[in-house]
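In: here are the coordinates; sequence isn't available:
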């Protein structure tokens, strides 16, 4: 077998694949609704962690929902807030999402 005939397609394939191979993106580290921030060396509240925490509380209450569903679908987040929005742990997350009877919300 001719070595050059084998080396050219292999090199071409390697050149196509290498640019797409990179470090995997790590998900933010959440503790409850807060994310560890190495720059400030402390915890900050972020939308990503708040939505994950809301999904966790909603699952504990019996709703079948994933973290990504709550993060990407506003209607799913609204449903989760209707279910657990009055729980003190997520009231700040659901503020403005649920109707409070005084003309506020939605």
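Out: Looks like it came in fine. The structure presented is a predicted model; accordingly, all values stated were derived computationally and were not measured.
In: measure stretch 64-83 end to end?
Out: 12 Å (C-alpha to C-alpha, to the nearest Å).
In: contact partners for residue 48?
Out: 28, 30, 35, 71 (C-beta atoms under 8 Å, 6 or more residues apart in numbering). Yep, even glycine has a C-beta here, placed from its N, CA and C like the rest.
In: swap that for residue 47, please
Out: Counted by C-beta under 8 Å, 6+ apart, residue 47 has contacts residue 71.
In: cool, and residue 82?
Out: Neighbouring residues of residue 82 by C-beta under 8 Å, 6+ apart: residue 98.
In: isn't there a strand covering it?
Out: No - read with DSSP: H, G, I helix; E, B strand; the rest coil, residue 82 is helix and lies in no strand.
In: model confidence for it, exactly?
Out: We note a pLDDT of 92 for residue 82 in this prediction.
In: and the gap between it and residue 58?
Out: Noted for residue 82: a distance of 10 Å to residue 58, by C-beta to C-beta, to the nearest Å.
In: for residue 43, state which of the contacts of residue 48 is nearest.
Out: Set against residue 43, the nearest of the contacts of residue 48 by C-beta to C-beta is residue 35 (6.8 Å).
In: secondary structure class for the closest one?
Out: The three-state label given to residue 35 by three-state DSSP is strand.
In: that one: how many residues sit nearby?
Out: Residue 35 has 20 neighbours, counted by other C-beta atoms under 10 Å.
In: that one touches residue 28, doesn't it?
Out: Yes - Residue 35 is in contact with residue 28 according to C-beta atoms under 8 Å; the separation is 4.8 Å.
In: spit out the residues that contact those two alike.
Out: Common neighbours of residue 35 and residue 28 (criterion: C-beta under 8 Å, 6+ apart): 46, 48, 49.
In: TSV for the contacts of residue 48, including secondary structure and distance to residue 41?
Out: TSV is the format used below for the contacts of residue 48 (DSSP: H, G, I helix; E, B strand; the rest coil; distance: C-beta to C-beta, whole Å):
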residue	secondary structure	distance to residue 41
28	coil	15
30	strand	16
35	strand	13
71	helix	26
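In: any chance of a ChimeraX selection covering the buried ones in those?
Out: Buried subset of these, written as a ChimeraX selection, criterion 16 or more other C-beta atoms under 10 Å:
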select :30,35,71
